[in-house]
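Student: what's the 3D shape of this:
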Amino acid sequence: MKKNLSIDISKTESAVIQFLQNYKHLFLFLIITIFALLIRKDQIYFTAGDYVLSFRPWSEYLVLNGGFAGIPTLQSDYNVAYLYILAFINYFPLSLLSKIKAVSFFFDFTTAIFIMLIIRHLFKLDKTKLLPYLAYGVALFVPPVLLNSAVWGQCDIIYTCFIIIAIYLFLTKKITWAFVSYGIALAFKLQALFVLPVLFLLYFKEKKFSALNFLLIPLVNFFIYIPAWILGKPLSEITSAYSTQVGEYLALVMNYSNFYSLLPNEYNYFSQTGIIILFGILMVFYIILFSDKVTVTNRDYIVVTMLTVMLCTYFLPAMHERYMFTVDLIAVIFLFIYPDRFYVPLLIWLINANAYLPALYGFGPIVNYQVMALAYLGLLCLMVYQLFKDKQVVARS
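Tutor: From the prediction side, this is the model:
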């Protein structure tokens, strides 16, 4: 009897061990998800200035004016795509702050899942391999991501999510849907434009899809505008959200470490300087990449996308601390492609998290903006050097 019982226990232990081994990836996914939710729950009642000055008044206005019916008369510098979300969540219970942050949380996890899929695709791994799930976890715990959505309740994760989805769709050759996803990203935030040069590079280098796909970008935006237009908001007002954002701030830089942190805050005198430098650098950078002698791999496109957005946020005037947010998440992909260059994403996250502190908590930055601006410049130079050094190594081999 004891012998039979011992055999049964042994079989049970073996079955449990086998089960854990077979589904360890799912357990890891579940554990990461639970901890990511818990850390976000702890921050859900933190109230930031943007909520008090913008999101709450806009939401209250929508409630008082019939929800979606209030969109035509609501004065906001955010595009109507986000106003749809504000109008929609007002039909649900819970506090407004909780609902706004829940939207950001949803896109946090969606973005992390697509980063997991990108890593799985790049490394050609099956669903049981743990590496993509680790990327999923890193994406959810990157400090600027937590600060932006869980603490701030901002919506940068929404347009970034659609950019990440577009990257995945480009990698998997679903070109039409990739342009649709990018068009949705642009409908949420003007900063999605920083990625546009990469799409032109992809078109001219790969020559594997029609240029007509670019028409999907304004077409998607127009379809997103239609509900607000039908409700009565003039099309000129719908599209003016972007022009309003461009001319809204006349400071060279706002809570950020870039080129203008090193100059006196004289907007009229210096605002054009960085733009000229940016176009010069991008022109040279992309002319080299467009060359038939330079092969651009899928992994290179990840680096080029990061560099393009980083160059834009470094040299354009009136940049906020949140405008490099897309790079915070693309840097997760970079980390897993180049683990030996871990210092690159770490420095990116430090630069951005350092800039968030004054806006969120009223203290800091911990590291002087000028010092960070120099570190940022050094990082840009290093990444460009590494990109083309890798090209030379491949060419020689």
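Student: Give me the mean pLDDT for the helix or strand hosting A185.
Tutor: Assigned by DSSP states H and E, A185 belongs to helix 175-188. Averaging pLDDT along helix 175-188 yields 97.
Student: how about it: buried residues?
Tutor: Neighbour-count burial for helix 175-188, counted by 16 or more other Cβ atoms under 10 Å, picks out I175, A178, F179, V180, S181, Y182, G183, I184, A185, L186, A187, F188. C-beta: built from backbone N, CA, C; applies to glycine.
Student: Nearest to I238 among those?
Tutor: A187 (10.3 Å; Cβ to Cβ).
Student: quick one: the closest one from Y361, how far?
Tutor: Distance, A187 to Y361, using Cβ to Cβ, to the nearest Å: 31 Å.
Student: The residue nearest to S181 when sequence neighbours are not counted: what's it in contact with?
Tutor: Excluding the flanking residues, the one nearest S181 by Cβ to Cβ, 6 or more residues apart in numbering is A166, at 4.1 Å. For A166, the contact set (Cβ atoms under 8 Å, 6 or more residues apart in numbering) comprises A178, F179, S181, Y182, A185.
Student: and the residues you listed as JSON lines, adding distance to V220?
Tutor: Formatted as JSON lines, these follow (distance: Cβ to Cβ, whole Å):
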{"residue": "A178", "distance to V220": "12"}
{"residue": "F179", "distance to V220": "8"}
{"residue": "S181", "distance to V220": "9"}
{"residue": "Y182", "distance to V220": "8"}
{"residue": "A185", "distance to V220": "9"}
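Student: related to what we said a few turns ago, now the buried residues of helix 175-188 as TSV including distance to K41?
Tutor: Shown next, in TSV, are the buried residues of helix 175-188 (distance: Cβ to Cβ, whole Å):
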residue	distance to K41
I175	39
A178	34
F179	36
V180	33
S181	29
Y182	32
G183	33
I184	28
A185	27
L186	32
A187	30
F188	25
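Student: in what helix or strand does the residue nearest to S181 lie?
Tutor: helix 156-171.
Student: now that helix against helix 175-188, angle please.
Tutor: For helix 156-171 against helix 175-188, the angle by axes from the mean of the first three to the mean of the last three Cα atoms, to 10 degrees is 160 degrees.
Student: thinking again about what came up before, dump the helix holding A185 to PDB, keeping only the CA atoms.
Tutor: Extracted in PDB, the C-alpha atoms of helix 175-188 (Å, rounded to 0.1, in the frame of the first residue of the first chain):
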ATOM      1  CA  ILE A 175       2.000  46.900 -45.400                       C
ATOM      2  CA  THR A 176      -1.500  48.200 -45.900                       C
ATOM      3  CA  TRP A 177      -2.500  47.600 -42.300                       C
ATOM      4  CA  ALA A 178       0.900  49.100 -41.200                       C
ATOM      5  CA  PHE A 179       0.000  52.300 -42.900                       C
ATOM      6  CA  VAL A 180      -3.500  52.300 -41.400                       C
ATOM      7  CA  SER A 181      -2.000  51.800 -38.000                       C
ATOM      8  CA  TYR A 182       0.500  54.700 -38.600                       C
ATOM      9  CA  GLY A 183      -2.400  56.900 -39.800                       C
ATOM     10  CA  ILE A 184      -4.300  56.200 -36.500                       C
ATOM     11  CA  ALA A 185      -1.100  57.100 -34.500                       C
ATOM     12  CA  LEU A 186      -0.900  60.500 -36.400                       C
ATOM     13  CA  ALA A 187      -4.600  61.100 -35.700                       C
ATOM     14  CA  PHE A 188      -3.900  61.000 -32.000                       C
END
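Student: begin at 227 from here
Tutor: In the new numbering, first residue 227, that becomes helix 401-414.
Student: So which elements touch that helix?
Tutor: helix 306-315, helix 382-397, helix 442-457 (3 or more Cβ pairs under 8 Å, 6 or more residues apart in numbering; DSSP states H and E).
Student: Next secondary structure after the first one?
Tutor: It refers to helix 306-315. By DSSP H and E, the next helix or strand past helix 306-315 is helix 322-348.
Student: from the chain's centre, how far out does that following helix sit?
Tutor: Helix 322-348 sits 10 Å away from the centroid of its parent chain (Cα atoms, centre = their mean, to the nearest Å).
Student: Check which helices and strands it sits against.
Tutor: Judged by 3+ Cβ pairs under 8 Å, 6+ apart, helix 322-348 is in contact with helix 250-267, helix 282-290, helix 306-315, helix 357-367, helix 382-397, helix 551-563.
Student: Could you dump those helices into JSON lines with distance to P571 and mean pLDDT added?
Tutor: Below are the helices and strands packed on helix 322-348 laid out as JSON lines (distance: least, Cβ to Cβ, whole Å; pLDDT from 0 to 100):
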{"stretch": "helix 250-267", "distance to P571": "18", "mean pLDDT": "93"}
{"stretch": "helix 282-290", "distance to P571": "34", "mean pLDDT": "95"}
{"stretch": "helix 306-315", "distance to P571": "28", "mean pLDDT": "96"}
{"stretch": "helix 357-367", "distance to P571": "9", "mean pLDDT": "97"}
{"stretch": "helix 382-397", "distance to P571": "15", "mean pLDDT": "97"}
{"stretch": "helix 551-563", "distance to P571": "4", "mean pLDDT": "98"}
